[in-house]
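Participant: I'll drop the sequence and a predicted model, then ask my questions.
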Amino acid sequence: MDIVTAFPTALWGILLELAPSLLVGLLIAGLIHAYVPSAVIRRGLSRPDLGSVVRASLVGVPLPLCSCGVIPTALGLRRQGASPGAATSFMISTPQTGVDSILVTAAFLGWPFALFKLIAAFVTGVVGGALVNRVVPAAPSDEAQDGLGHPDDERPRGWLARIIEAVRYAVFDLLGAINTWLVIGVIAAALVTTLTPVDFFADRPWADGMLGMLVMLAIALPLYVCTTASVPIAASLIAAGLPAGSALVFLMAGPATNLATIGAVYRTLGAKVLSVYLGTVVVMSLGFGLIFDQLLTTVPVQTLVHEHQQSWLPVLSALLLLALMAMLGLRQYRAQTQAKARLATLQGLDSGANAGSQQDLAAKPGRDALILEVKGMTCGHCVATVKNALESLEQVHEASPDLATGQVVIRGGFVETETLEHTIEGAGFQLARRD
């Protein structure tokens, strides 16, 4: 079978394995969002003790948040009274797994691997949070801000309204945040499956033991890797002969860190928390990788290319997932097109008026719109977080972030630059300055 036919076959096979588990996981996450009040999630995280750290990790493990999306959520918990250790525990454990990722991992790599990964994420979060509580003094948190979506009193009432909200949240907030990375992950997995011979890594000395894990760690740490989309990639690497422990390092360190997350943690929580955060992820991922190779010598990787004619559920799920992703892609394209049109119009006005720097624009009460550049936005969840944070300001009538350019069009009244910068950094991002 040549690559022209092998690649589409591998791509379709991966979708058939991915879609049912992913859709079920998204629905469960949506139901959690619709039915579990945020006060329940926040309760019990304020004391700087081991109990709050454990509870924060327990809360974070099932939530399907990516590494960039978890930053503003963790900061919201911190401002609502969570201890630094609890916020760090949540920040480490949450992006490594989630209900959707657990089900997808079980589908591709089996339940032993999925459960081990789940336990590893929980323990890593607890260790990191406990260390932060020891090295960082528990300072009083800032005034409470909304960092977890809907306030409890705005939660929909009635079972039908909550089901609708669960589906809306699952599709537009969760799938919308990862759909681009999901496409990249599935295509990458199909390419690895198609181009990498069976047992490719088996005869490579550098792929075994600690050296192989260090290679995976070096690849995973700086990159943005979605926890769900990375599972098919890991499965294809294991099928090509990569030791399962090295793949586990990739699945733990990749989703937990990336360059944007590292910068956000440093800016908002400080160098001490960042050092504990990175050190915990590195040491614990390597440690659990070594333990996994000792406990489970073989992983029953689900074949990525096989027949599904006897079952209609995977086919229907794959078609539904493709339809949802196409709809979200079209929606995002239209939003970006509109945002770029607004930017072009405003930039033309700015040029004609010989406008100054962005700080000058922010200080002119006569303007009804200004353009900011925000660093750190990498997905739809980031865009929604920036938008919600800015629109929470009384003077801001509308904020329209553009993921492609990193620019945000803000309409409304007079807002001090310091207020805008504080709001953006409080959400876990950075305001870019232009001289």
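Facilitator: Noted; the coordinates are in hand.
Participant: contacts and neighbour counts: CA atoms only from here.
Facilitator: Fine.
Participant: what sits against the residue nearest to Ala369 when sequence neighbours are not counted?
Facilitator: Nearest residue to Ala369 in three dimensions, chain neighbours excluded: Arg411, at 4.2 Å (CA to CA, 6 or more residues apart in numbering). Contact analysis of Arg411 by CA atoms under 8 Å, 6 or more residues apart in numbering lists 368-370, 396-399.
Participant: just among these, which is most surrounded?
Facilitator: With neighbours defined as other CA atoms under 10 Å, the most crowded of the contacts of Arg411 is Ala399; it has 23 neighbours.
Participant: quick one, phi/psi of that one?
Facilitator: Main-chain dihedrals, Ala399, degrees, to the nearest 10: phi -130, psi 130.
Participant: before we move on, what about Glu394?
Facilitator: phi -60, psi -40.
Participant: same question for the one 10 residues further on.
Facilitator: Listed backbone geometry of Ala404 is phi -70, psi -40, with angles given as degrees, to the nearest 10.
Participant: what is the longest helix seen in the chain packed up against?
Facilitator: Identified as the longest helix of the chain according to DSSP state H is helix 312-352. With contacts taken as 3 or more CA pairs under 8 Å, 6 or more residues apart in numbering; DSSP states H and E, helix 312-352 sits against helix 3-35, helix 176-195, strand 369-375, strand 407-412.
Participant: mean pLDDT added to those, as TSV?
Facilitator: Shown next, in TSV, are these (pLDDT from 0 to 100):
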stretch	mean pLDDT
helix 3-35	83
helix 176-195	81
strand 369-375	83
strand 407-412	84
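Participant: is it possible to get CSV of those that adds distance to Glu391?
Facilitator: CSV is the format used below for the helices and strands packed on helix 312-352 (distance: least, CA to CA, whole Å):
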stretch, distance to Glu391
helix 3-35, 22
helix 176-195, 19
strand 369-375, 13
strand 407-412, 9
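Participant: of all those, which lies closest to Gly279?
Facilitator: strand 369-375 (24.5 Å; CA to CA).
Participant: got a list of contacts for whichever helix or strand comes after the closest one?
Facilitator: Toward the C-terminal end, the helix or strand that comes next after strand 369-375 (DSSP states H and E) is helix 380-391. Helix 380-391 has contacts (CA under 8 Å, 6+ apart) with 68-69, 72, 173-174, 176-178, 376-377, 396-403, 420, 423-424, 427, 429.
Participant: can we see that at 7 Å?
Facilitator: 68-69, 173, 176-177, 377, 396-401, 403, 423-424, 427 (CA atoms under 7 Å, 6 or more residues apart in numbering).
Participant: report the buried members of those residues.
Facilitator: 68-69, 176-177, 377, 396, 398-401, 403, 423-424, 427 (16 or more other CA atoms under 10 Å).
Participant: check pLDDT for the residues you listed and point me to the minimum.
Facilitator: Within these, Cys68 has the lowest pLDDT, namely 63.
Participant: shaky segments in the stretch 301-435 of the chain?
Facilitator: Applying pLDDT under 70 to the stretch 301-435 of the chain flags residues 301-310, 339, 342-343, 346-368, 379-380, 433-435.
Participant: of the contacts of Arg411, which is the nearest to Leu16?
Facilitator: The closest of the contacts of Arg411, once distances to Leu16 are taken by CA to CA, is Ala399, at 38.3 Å.
Participant: setting aside sequence neighbours, what's the nearest residue to the closest one?
Facilitator: Leaving aside its chain neighbours, Ala399 sits nearest to Ile410 (4.5 Å; criterion: CA to CA, 6+ apart).
Participant: show me what that neighbour is bridged to.
Facilitator: The partner list for Ile410 in beta bridges (DSSP bridges) reads Leu370, Ala399.
Participant: contacts only, for it.
Facilitator: 369-371, 396, 398-400.
Participant: tell me how many other residues crowd the nearest residue to Leu313 once chain neighbours are set aside.
Facilitator: Of all residues not flanking Leu313 in the chain, Pro20 sits nearest, at 7.4 Å (CA to CA, 6+ apart). Burial of Pro20, expressed as a neighbour count using other CA under 10 Å, amounts to 22.
Participant: quick check, Pro20 in contact with Trp312.
Facilitator: No. With contacts counted by CA atoms under 7 Å, Pro20 stays clear of Trp312, the gap being 10.9 Å.
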